[in-house]
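J.: Following is a predicted model, sequence given first.
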Amino acid sequence: MTDTRTAELLRVAAFRRLWTGDLVARLGHQIAQFMLPLTALTALQAGASDVGLVSASQTVPVIALSLVAGVAADRVPTRTLVVACNALRATGFGLLGLVYALSGLELWLLIATAVLIGSATVFYDVGYQATVPRVLTVEQLAAGNGFLQAGISATQMAGPALAGFLVQSAGLPTALAVTALLFVAAVVSFWTLDAQDRGRDLTKARALPLAEGLRFTWRCRPIRDLCVQSGLFNLHEQAFLTVFLIYGVRSAGMSGGEVGLVIGAAGVGALTGALVTGHRAERLHAGRSVLVGLFAAALALLVPTLFAAQSRFVVVAVFLAGFFLNGFAQSLYNVFVVSLRQAIPPQEYLGAVTASYRLVSFGPMPLGALLGGALADLLGAGGALRVVALSMLVCSLFILPSPVRRFRTVRDARTGQRTEPQPPAPDRPEREAAS
C-alpha cells in the first residue's frame, strides 16, 4: 500500500482501533491454536487421533455458534462484543494454567479449553469482520483488508514459533500465562473503541432470522461459490496442518520450536503477500487473483511432500519454502475474497451473511483435523501429507466455472451481482433454509 492510502485508512479512528486491538488478540489466538495440540503431543504423548481431536475441538464451535454469532454482531455494540470475547479467552487460559498447577494436565482439560476458546473466537471473528465494511467505504475495502491481512499474517508468522519456543524453553505454565496476558491486553486495547459505524447504529440494528444469512449466501452465486471453495480449502488445510505437526515431531525429528518456525513461514509469506496485494489492489484483477491465489496455495503445499523422505535439513528447507509460498498465495486469495464477501450483501445482512459464510467455510475444519489424525494413523504421516495435498490441489480447480472470475474490481461485484433479498413478512412463520 502506498503511504497515502495507509495514512487515509489510519485516519479512520474506528478502523485504527479495531486493527490495533485485533493485532494483539490475533497473536494470542495464533499461540493458542498451535500450543494446545502441541501440548497434547509432547506433554501427554497423545496419539495422532487424540491430537486431531484437540485440534478439532478448537473449530467445532464454528458449526454450533456461527449463526448465533451473526445475530449478536447485528445487535450487540462492537466494543461490548470484542471485549467480552477476549475476556473469556483470557479467563480460559488462566483457568487452564491454574488447574494444571494444582492437579496436572489431562486430555479432557485441553479439549474443554479448546472448545471454550473456540466458542469465544467465533463471536469475536464474526463481530470484527462484520464491522470492517461499516467503517470503510467500498473503495477502501480491498486496501483496508490488505492492511488487516498484513496484521493477521504477522501474527500467523510469530504465533506458532513463539508458542513452540515458550513451551520448549520456558515451560507450559509460562506459555499459558503469556497467552492469557495477550488476551488481557486485547481487552485493554478494545476498551476505548468508539464503534460508531458508518451510517449505522449498532444498538438499533434489526436481528435477522438465523436462516436469512444462509438463504442469501445460497442464492447469491458468487458468495456461494467462494463459500464452498473456502470450505473445501479449509478442510484440507486443517488436515494438512494436523498431519504436519505429527510428521514434523515424530517422523522428521523436529523440535516443537522448529515445527512452529516452519509453520510460521506461512505467516511471513502471508505478510509479504498482504503488503504486495494491498499496494497493488486497485491494479489487480479481483477474479483472476482469487483463482490464481487458490491454485498456487495448494500447489505450494504439494511440492514439499515429494521430499518428505529426504534428510532433516532438506525437509526443513523445502517445507519452509512451501509454507512461505502458501502464505503468500493465500493472502492474494483472502484479500479479494473477504472484500467481495463484504461488498456484495446489503448492509443489514452483513452480520448474518458473515456468520453463515463462516459456518460453511470454517465448519469443515474439525472434520479436517480428525481426518488428518486418522490418515496419519492409517497411511503414516508422510503418506498422509501427500494424499491431503494432492486432494487440495484437485479441489482448488472447482472454482473455475464460477462467475467470480469475471469481476475486474470489488465494485463490479457490488453493482452487478448483488441480489436484494426480501425478508419474510413479520406475520408469517419463518421458512426453512433451502437444502
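T.: Arrived safely, thanks for sending.
J.: Moving along the chain from the helix or strand where residue 333 lies, name the first helix or strand you hit.
T.: Here residue 333 sits within helix 312-343, counting by DSSP states H and E. Going down the chain from helix 312-343, the next helix or strand is helix 350-362, by DSSP H and E.
J.: Report the distance from that next one to the chain centre.
T.: Computed by CA atoms, centre = their mean, to the nearest Å, the chain-centroid distance of helix 350-362 equals 12 Å.
J.: So what touches it?
T.: With CB atoms under 8 Å, 6 or more residues apart in numbering as the test, helix 350-362 has contacts from 59, 62-63, 66-74, 122, 125-127, 129-130, 133-134, 205, 208, 210, 212-214, 216-217, 223, 226-228, 230-231, 234, 341-342, 345. The way it works is simple: take the backbone N, C-alpha and C, and place the C-beta from them, glycine included.
J.: Try it again at 7 Å.
T.: 59, 62-63, 66-67, 69-70, 73-74, 125-126, 129-130, 133, 208, 212-214, 216-217, 223, 227-228, 230-231, 234, 341-342, 345 (CB atoms under 7 Å, 6 or more residues apart in numbering).
J.: now stretch 171-189
T.: Taking CB under 7 Å, 6+ apart as the rule, stretch 171-189 contacts 20-21, 24-25, 27-28, 31-32, 35, 39, 43, 83, 86-87, 89-90, 93-94, 96-97, 100-101, 163, 166-167.
J.: filter these to the buried ones?
T.: By neighbour count, with 16 or more other CB atoms under 10 Å, the contacts of stretch 171-189 hold 20-21, 24-25, 27-28, 31-32, 35, 39, 83, 86-87, 89-90, 93-94, 96-97, 100, 163, 166-167 as buried.
J.: pretty sure residue 26 is in contact with residue 155, am I right?
T.: Yes: using CB atoms under 7 Å, residue 26 is in contact with residue 155, at 4.0 Å.
J.: quick one: low-confidence parts of the stretch 51-200 of the chain?
T.: Within the stretch 51-200 of the chain, the stretches with pLDDT under 70 are 130, 193-200.
J.: all strands of it, in order?
T.: For the stretch 51-200 of the chain, no strands are identified by DSSP state E, counting those that start in this stretch.
J.: all helices of it, in order?
T.: Using DSSP state H, counting those that start in this stretch, the helices of the stretch 51-200 of the chain run over 78-103, 107-135, 141-165, 172-191.
J.: And residue 171, its phi and psi?
T.: phi 100, psi 160 (degrees, to the nearest 10).
J.: Around it, how many other residues sit close by?
T.: Neighbour count of residue 171, defined by other CB atoms under 10 Å: 12.
J.: Next, find the distance separating it from residue 263.
T.: 21 Å (CB to CB, to the nearest Å).
J.: OK, contacts around the closest residue in space to residue 303 that isn't next to it in sequence?
T.: Counting by CB to CB, 6 or more residues apart in numbering, residue 303 lies nearest to residue 322, which is 6.1 Å off, once chain neighbours are set aside. With contact set as CB under 7 Å, 6+ apart, residue 322 has these partners: 300, 301, 303, 304.
J.: Please apply the same query to residue 31.
T.: Contacts of residue 31 by CB under 7 Å, 6+ apart are 159, 162, 163, 179.
J.: For it, give me the pLDDT.
T.: Here, the pLDDT recorded for residue 31 equals 89.
J.: Name the SS class of the nearest residue to residue 165 once chain neighbours are set aside, please.
T.: Nearest residue to residue 165 in three dimensions, chain neighbours excluded: residue 257, at 5.0 Å (CB to CB, 6+ apart). Assigned with DSSP: H, G, I helix; E, B strand; the rest coil, residue 257 falls in the helix class.
J.: pLDDT value on residue 257, please?
T.: Residue 257 is given a pLDDT of 73.
J.: how deep is it tucked in, by neighbour count?
T.: 20.
J.: Residue 105 now?
T.: By other CB under 10 Å, 16 other residues sit near residue 105.
J.: Please list all residues in contact with it.
T.: With CB under 7 Å, 6+ apart, residue 105 has these contacts: 43, 44.
J.: Kindly report the same for the one 3 residues further on.
T.: Residues near residue 108 by CB under 7 Å, 6+ apart: none.
J.: Can you tell me how far it is from residue 115?
T.: For residue 108 relative to residue 115 (CB to CB), the value is 11 Å.
J.: before we move on, what about residue 224?
T.: From residue 224 to residue 115 the distance is 29 Å (CB to CB).
J.: Lovely, talk soon.
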